[in-house]
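Trainee: Whatever this is, show me its structure:
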Amino acid sequence: MATGVKTRIKLPREVRAGDMITIKTLITHRMESGQRIDPVGVPIPRSIIHRFLCTFDGETVVDLEIGPGISTNPFFEFEATIPGSGVFTFAWFDDDGAIYTDSKAVVVV
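Mentor: Residues are numbered from 1 along each chain as shown. Model prediction:
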């Protein structure tokens, strides 16, 4: 991950098969729109997370295209039904080509 970029994921570690859970994600990112200038008048290049993808064992759960109007440190909250134990994988795609990833496992009890 790039310097200063951190991800945070919150979801239950243990669930029952068929449970609907709430997933919360946050990435620290400055989300520069490209429309501002620095103190000496030089345009600050655009740098935003333009896509967020969440999969569960390879199956898409959420796939969002994001525009420059989203705030710094984007936060997403959504629900998913858990069919069984598995791994959620999260990916944030940056304009500069970087892809920030994180994953969390859930266990069906």
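Trainee: Check the gap between the nearest residue to residue 10 once chain neighbours are set aside and residue 41 for me.
Mentor: Excluding the flanking residues, the one nearest residue 10 by C-beta to C-beta, 6 or more residues apart in numbering is residue 24, at 4.3 Å. For glycine as for every other residue, the C-beta is placed from the backbone atoms N, C-alpha and C. Distance from residue 24 to residue 41, counting by C-beta to C-beta, to the nearest Å: 39 Å.
Trainee: Neighbour count for the two, which is higher?
Mentor: residue 24 (12 against 6; other C-beta atoms under 10 Å).
Trainee: which residues touch the more buried one?
Mentor: 8-11, 75-77 (C-beta atoms under 8 Å, 6 or more residues apart in numbering).
Trainee: which residues touch the lowest-mean-pLDDT helix or strand in the chain?
Mentor: Lowest by mean pLDDT, DSSP states H and E among the helices and strands of the chain is strand 14-15, with a mean of 90. With contacts defined as C-beta under 8 Å, 6+ apart, strand 14-15 is touched by 21, 82, 106-109.
Trainee: What is the helix or strand hosting residue 90 packed up against?
Mentor: Take DSSP states H and E as the rule and residue 90 turns out to sit in strand 86-94. If you count contacts as 3 or more C-beta pairs under 8 Å, 6 or more residues apart in numbering; DSSP states H and E, strand 86-94 packs onto strand 7-10, strand 20-27, strand 49-56, strand 99-108.
Trainee: No further queries at this time; thank you.
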